[in-house]
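> Sequence first, then the predicted structure, then my questions.
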There are 2 protein chains.
Amino acid sequence: MAATENIGSIDSMSDGVQFFEGAEKLLEIWFTTANSNHKTADLRKIPRSKLESLMKIVRCEIMSFVKNDQIDAYVLSESSMFISKRRFILKTCGTTTPLLCLEPLLLMAEQYAGFTEVEDIFYSRKNFKRPDLQVMPHQHFDQEVALLDSLFPDGAGYCLGAVNRDCWYFYTLNPMPQTRLPARSPSEEADQTLEILMTDLDPEIMSIFTKEECLNATEATKRAGIDKIVANMVIDDFLFEPCGYSMNGVTKNGCYMTIHITPEPDFSYVSFETNIPSSSYKEIINKVLDTFNPGKFTITVFANQQSPTKDTSRELLLLNQIGKWQRRDVQMCNFKNYDLIYAFFCRFPS
Amino acid sequence: MAATENIGSIDSMSDGVQFFEGAEKLLEIWFTTANSNHKTADLRKIPRSKLESLMKIVRCEIMSFVKNDQIDAYVLSESSMFISKRRFILKTCGTTTPLLCLEPLLLMAEQYAGFTEVEDIFYSRKNFKRPDLQVMPHQHFDQEVALLDSLFPDGAGYCLGAVNRDCWYFYTLNPMPQTRLPARSPSEEADQTLEILMTDLDPEIMSIFTKEECLNATEATKRAGIDKIVANMVIDDFLFEPCGYSMNGVTKNGCYMTIHITPEPDFSYVSFETNIPSSSYKEIINKVLDTFNPGKFTITVFANQQSPTKDTSRELLLLNQIGKWQRRDVQMCNFKNYDLIYAFFCRFPS
């Protein structure tokens, strides 16, 4: 998130204009085992030194860390990483290269954690503001898909939203009928994710996330009201020099939330993500919008059939306006285990 | 549809393999007027000679023609054209260039027909089997979008289905909130379109659509059972030399259906399209699948709020199997005036 202090990232100075790509690449992998190891297998057995070498490949660093029985939550120099028993989440912004860590990660998951199989994978990102500044394989979604296809025979890539405006790319496993596997019992646990990706943010709110305005992250978290969005989160926050903000929140039962802020007016970007279950995300969505006041945002909701969130998709399908924001696009997809809803909103002209 | 006799099309002979791109580019434009001309304005006032020069730009020719009070229906050397009072539909396969006729068409619509405005536009196509054989601006969806964007400030391009497998590209007007116009009364007429795009077809059925098997189009239409799919259609059909088939059907009240067949086993392709209103397309879909027995197919349904078809979207959302075909992808989108559903099915392995 740090616009100038981040490590390993190449910010654009070539045309004399400072730029930082806030939009993250988000990788979520669910592991399983074909054998009887599934009780003892645990991704948190991967040694810290191995994670650090993984982050070198991605071109970022671990800045901070909190954990509980359910989940390890890392703040990175570019966004966040969450590791629980069988789920690995890596979310990195700037010019990081998270897909390059896939092969070593799969090896580590087998060697240290005891996982032999990938049950599901979700890779997604918003369209970049400056795709020309990315490095291989993140310069084009086709490149990313080609790399993923080389590892996963049943993968499928999608583009939701308008390809010539704001859109959101997504890759997951979606086997053809002949290779469709019977649903595995582990996948039957409830799971859901809400993500809100915001651009054109309120400059006054964004100024909170600078060292000029706030002494430290705790102050920024309180002044912005981030601690009020979801209750009962243990918060690990980080305010970058001279600006930029990241936070992870975790609950006792292993849920997480994460917020990353690129505050510069020319390329302001805020992302919010959580997996807390809810039969309606309306309240959280409203709190996030009130907190950051974006000009435009995308909402994505994933929910499987076991999730209490599965009805929120229908809610979003009917919602063609949220306060001062009007919906411009809405799309729904059904995948192997999940339903996905994508919606894009713009503020009404004032 | 004709694999070798088509006019103006460049079939692939460069690698010594005969190939014909069955997948059509489908352009549908609804015109309106900003002035009081809307009673007298009529696209059918465009002289035949002007339509012929338009088809030269597209690189095809008019082969056959039927008309009634509501609609003019043309069989083309590559697919079909339907012209009614304010709606223009051009569907062309092979290496035709329908988007190149847009600017001259808009001029003709004003000069001869009295239409000053485009109310809505729908451009769509399946992914090509051999995109490398297409010519500008049809080599890539990005090219097509760039051309359309140069003419329509409010256009948005979408890709439904998996970008790395079977997918369907689509462009329409989807204004941002600040330019959103109040719904115009003409758009309040009911409208709907069902399209089924089939590949990997049954070779025995495909052999019907060759001059070896059938003397003429009438025989092919009857033997395949095409005249049984939708009742009360006046049929204009054409059997190409040595193979390939096209048909248009029109009803007295101006509805149409159209089928185009590329029968060669290496690149077999059949498209079915109709705008007849129905509260359920299940029966038509089943008849089409029974008639052609495809290995894979996409279904798209457009319906506006006035259409009795609007509930068929929900029907398709729930339908994860049709007979021996299993759904692999389903997506739903809401646009300015229309809801769209896209679904992709594959035959179970036998």
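Perfect, I can see it now.

> okay, the nearest residue to A:C93 once chain neighbours are set aside: pLDDT?
With C-beta to C-beta, 6 or more residues apart in numbering or on different chains as the criterion, A:C93 has its nearest non-adjacent residue at 4.5 Å, and that residue is A:E24. To be clear about C-beta, it is placed using only N, CA and C from the backbone, and glycine gets the same treatment. At A:E24, the model reports a pLDDT of 98.

> show me the contacts for A:E24.
A:S79, A:K91, A:T92, A:C93, A:R125, A:H260, A:S271 (C-beta atoms under 8 Å, 6 or more residues apart in numbering or on different chains).

> Chain B: which of these is nearest?
Nearest to chain B among these, counting by C-beta to the nearest C-beta, is A:R125 at 13.9 Å.

> Could you check what's spatially nearest to the closest one, not counting adjacent residues?
That would be A:K25: by C-beta to C-beta, 6+ apart, it lies 4.8 Å from A:R125.

> returning to that earlier point: among the contacts of A:E24, which pair sits farthest apart?
A:R125 and A:H260 (12.8 Å; C-beta to C-beta).

> Between the two, which is the more surrounded one?
Comparing A:R125 with A:H260 by other C-beta atoms under 10 Å in any protein chain shown, the one with more neighbours is A:H260, at 28 against 23.

> most surrounded residue in the contacts of A:E24?
Busiest of these [other C-beta under 10 Å] is A:C93, holding 30 neighbours.

> Give me the pLDDT value at that one.
In this prediction, A:C93 carries a pLDDT score of 98.

> helices or strands next to the helix or strand bottoming out on mean pLDDT in chain A in the packing?
None of the helices or strands of chain A scores lower by mean pLDDT, DSSP states H and E than helix A:312-318, at a mean of 81. If contacts are counted by 3 or more C-beta pairs under 8 Å, 6 or more residues apart in numbering or on different chains; DSSP states H and E, helix A:312-318 sits against strand A:294-304, strand A:325-334, strand A:338-347.

> Within its sheet, name the partner strands of the last one and how each one runs.
In its sheet, strand A:338-347 lies beside strand A:294-304 (antiparallel), strand A:325-334 (antiparallel), with partners assigned from DSSP bridges.

> looking at those, which one has the lowest mean pLDDT?
Checking each of the strands paired with strand A:338-347, the one with the poorest mean pLDDT is strand A:325-334, at a mean of 93.

> residues in contact with that strand?
So strand A:325-334 is contacted by A:158, A:160-162, A:166, A:289, A:297, A:313, A:316-317, A:319-321, A:339-348, B:156, B:174, B:176-177, B:180, B:317, B:320, B:329-334 (C-beta under 8 Å, 6+ apart).

> pull the CA atoms of it into CSV?
Presented in CSV, the C-alpha positions along strand A:325-334 are these (Å, rounded to 0.1, in the frame of the first residue of the first chain):
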residue,chain,number,x,y,z
TRP,A,325,-24.5,5.4,-6.0
GLN,A,326,-26.2,4.0,-9.1
ARG,A,327,-25.5,0.5,-10.3
ARG,A,328,-24.1,0.4,-13.8
ASP,A,329,-23.4,-3.3,-14.2
VAL,A,330,-24.5,-6.5,-12.5
GLN,A,331,-23.6,-10.0,-13.4
MET,A,332,-24.1,-13.4,-11.7
CYS,A,333,-22.2,-16.6,-12.3
ASN,A,334,-22.6,-20.1,-10.9
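
> for that strand, the distance to its chain's centre please.
Strand A:325-334 sits 19 Å away from the centroid of its parent chain (C-alpha atoms, centre = their mean, to the nearest Å).

> Show me which parts of the helix or strand where A:D237 lies are buried, residue by residue.
Using DSSP states H and E, the element containing A:D237 is strand A:234-239. By neighbour count on 16 or more other C-beta atoms under 10 Å in any protein chain shown, the buried set for strand A:234-239 is A:I235, A:D236, A:D237, A:F238, A:L239.

> And for stretch A:18-30?
Taking 16+ other C-beta under 10 Å as the criterion, stretch A:18-30 shows A:F19, A:F20, A:E21, A:G22, A:A23, A:E24, A:K25, A:L26, A:L27, A:E28, A:I29, A:W30 as buried.

> how about these in CSV, adding secondary structure?
CSV is the format used below for those (DSSP: H, G, I helix; E, B strand; the rest coil):
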residue, secondary structure
A:F19, strand
A:F20, coil
A:E21, coil
A:G22, coil
A:A23, coil
A:E24, coil
A:K25, strand
A:L26, strand
A:L27, strand
A:E28, strand
A:I29, strand
A:W30, strand
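
> Tell me the one of the residues you listed nearest B:L54?
Closest to B:L54, out of all of the buried residues of stretch A:18-30 and judged by C-beta to C-beta, is A:A23, at 42.8 Å.

> if I pick the residue nearest to the closest one when sequence neighbours are not counted, what's in contact with it?
Leaving aside its sequence neighbours, A:A23 sits nearest to A:K126 (C-beta to C-beta, 6+ apart; 4.5 Å). Contact analysis of A:K126 by C-beta under 8 Å, 6+ apart lists A:A23, A:D166, A:C167, A:W168, A:Y169, A:L197, A:T298.
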